[in-house]
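Colleague: build me a model from this:
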Amino acid sequence: MLHSSCNMKIKSVLLGLVVWLGSVGAAYYLGSKIKASEGNPKIEAPQTAADAAAKTPIGPPPKPAKTGPSVASLLALSLDDLGEALDRAENLSADDQRALLAEVFSLPQSDFRRSRMIRELLETLAETSPEEALALTAEIGSLRDTERARIAILEVWGARDPVAALAWASSALTNEPARSRQQQIVAIYEGYARLNPQAAFASALDLPAATSAEQRLQLEALEEIISEQIENGGLLEAKLQVELLEDGPVKNNVLSDFVDRWASYDPVGAAAYVDSLGDAVSGGIKARLVGEWAENDPAAAAAWLSASEIDEQTLSRAATAIIRQWTNYDMTASADWLNSQPSSPALDRAVMSYTYRAAQEDPASAMTWAESIENDWMRNRMMRHVAGTWKNDAPEAFAKYLENAELDEEQRKQLQDARANTGSGRWGR
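Modeller: Okay, here's the model as predicted:
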């Protein structure tokens, strides 16, 4: 019994010792973990694709705030690159654009930036507030710049809201001088033609045409509409509109301008169209065709003219236009063409134009051309012009000409007293 009791006590002591040692070990372990977590970063388990998607914001990432140019920075930039400054000004808010405009108005009239910046800023303002833009033109100062700005504003207004622009013009321009009123109304129609050329054409036809001033306004509006239409690829539509007009002065004038604009980029096509009209086309239309054609290809224009049946008045206008252009490039070819034409007083003006050019290069030859002019006044005038140049550049050759020429005393004295014309002169243009 005693032995059994002792064994029980020993087991109790050993069990207690084991429990105590276990608690001490557990406490030490927990303390070590806490200390390790305080000294090292926490390592999380890798996220799954679903977890990552759940935490990703929906939609595109937010854009950084956009800061536009300031009024001060644009004014500084305009000193170095005016075009770039105006391009950037388009990104300004409406209030900042008005602020920039106020700064530009305060610039001195002599500042090279002022005129262009005001005009282009007012054009931009006209997109939303055309009447405000027009009112501000009163502050420009320069009459020329004011007129240009108003024209630009009205073109914008006409392209955006032509009905409102024309309604404004009918009352606001009543007391304007005829020329200024005409230019501003035509500017509206030019903008209108960009929006709807057919409607613009119909509207212009409805303009009053009782007086000569009203007729000029209507004609210029119609011509601007046709020009705008052709420039934007509407040749066939413009052609149909012109052909549907009633026969008369309006149709003839609009047709003439139509052919002129067409010939500016396709003279062969325009010439074929004129030929197709036969006797219905006037000499004035043919002369305008040739004049436009001669600026690009005078030889081709001369060939077409030579093959056409035209009256003397048309020949005079057309031949002069050809020679005026041709002599800028080829004196010999232009002279050969003139020599190939039948003698006619209608060619006198063309000969005058040739003579004026030739006097600068070959006065002896130019004098021969001057002597061939049939009209007495024209002949005497051009002989004096050649004499003035000739005696200034080659006095000995000129003196020899006077000695051998069949001239009366009055003619000889006029040539001796002639002075060189150093200006451009009418026939040199």
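Colleague: could you pull out the buried residues of stretch 258-275?
Modeller: For stretch 258-275, a neighbour-count test (16 or more other C-beta atoms under 10 Å) marks 258-264, 267, 270-271, 273-274 as buried. Quick note: C-beta positions are derived from backbone N, CA and C, even for glycine.
Colleague: and the helices in the stretch 251-400 of the chain?
Modeller: Assigned by DSSP state H, counting those that start in this stretch, the stretch 251-400 of the chain shows helices spanning 267-277, 283-294, 298-307, 312-326, 331-340, 348-361, 363-371, 376-393, 395-404.
Colleague: so which of those helices comes closest to S115?
Modeller: S115 lies closest, by C-beta to C-beta, to one member of the helices of the stretch 251-400 of the chain: helix 283-294, at 31.9 Å.
Colleague: show me what the closest one is packed up against.
Modeller: Here helix 283-294 touches helix 249-263, helix 267-277, helix 298-307, helix 312-326, going by 3 or more C-beta pairs under 8 Å, 6 or more residues apart in numbering; DSSP states H and E.
Colleague: who are the contact partners of the nearest residue to N253 once chain neighbours are set aside?
Modeller: Distances taken as C-beta to C-beta, 6 or more residues apart in numbering place L219 nearest to N253, at 5.4 Å, with adjacent residues excluded. By C-beta atoms under 8 Å, 6 or more residues apart in numbering, the residues touching L219 are 250, 253-254.
Colleague: going by distance to L244, which of the residues you listed wins?
Modeller: Within the contacts of L219, the smallest distance to L244 is 10.9 Å, found for V254 (C-beta to C-beta).
Colleague: so that closest one touches V242, yeah?
Modeller: Yes. The pair V254 / V242 is scored as a contact, 5.5 Å apart, by C-beta atoms under 8 Å.
Colleague: common neighbours of the two, please.
Modeller: I226.
Colleague: between those two, tell me which one has more neighbours.
Modeller: Counted by other C-beta atoms under 10 Å, V254 and V242 do not tie: V254 has more neighbours, with 23 against 18.
Colleague: state the distance from that one to L222.
Modeller: 5 Å (C-beta to C-beta, to the nearest Å).
Colleague: count the neighbours of D393 for me.
Modeller: So D393, with other C-beta under 10 Å, has 13 neighbours.
Colleague: let me see the contact set for the closest residue to it other than its chain neighbours.
Modeller: Leaving aside its sequence neighbours, D393 sits nearest to P363 (C-beta to C-beta, 6+ apart; 6.7 Å). Residues near P363 by C-beta under 8 Å, 6+ apart: 386, 389-390, 393-394, 397-398.
Colleague: was I right about L100 contacting N91?
Modeller: No. Assessed by C-beta under 8 Å, L100 is found out of contact with N91, at 11.4 Å.
Colleague: more neighbours: which of the two?
Modeller: The neighbour comparison of L100 against N91 (other C-beta under 10 Å) goes to L100, with 24 against 12.
Colleague: circling back: what strand or helix carries the residue nearest to N253?
Modeller: Using DSSP states H and E, L219 falls within helix 212-231.
Colleague: and the helix or strand following that helix, what does it pack onto?
Modeller: Next helix or strand after helix 212-231 toward the C-terminus (DSSP H and E): helix 235-243. Applying 3+ C-beta pairs under 8 Å, 6+ apart, one finds that helix 235-243 contacts helix 197-205, helix 212-231, helix 249-263.
Colleague: buried ones in helix 235-243?
Modeller: Here helix 235-243 shows 235, 237-239, 241-242 as buried, counting by 16+ other C-beta under 10 Å.
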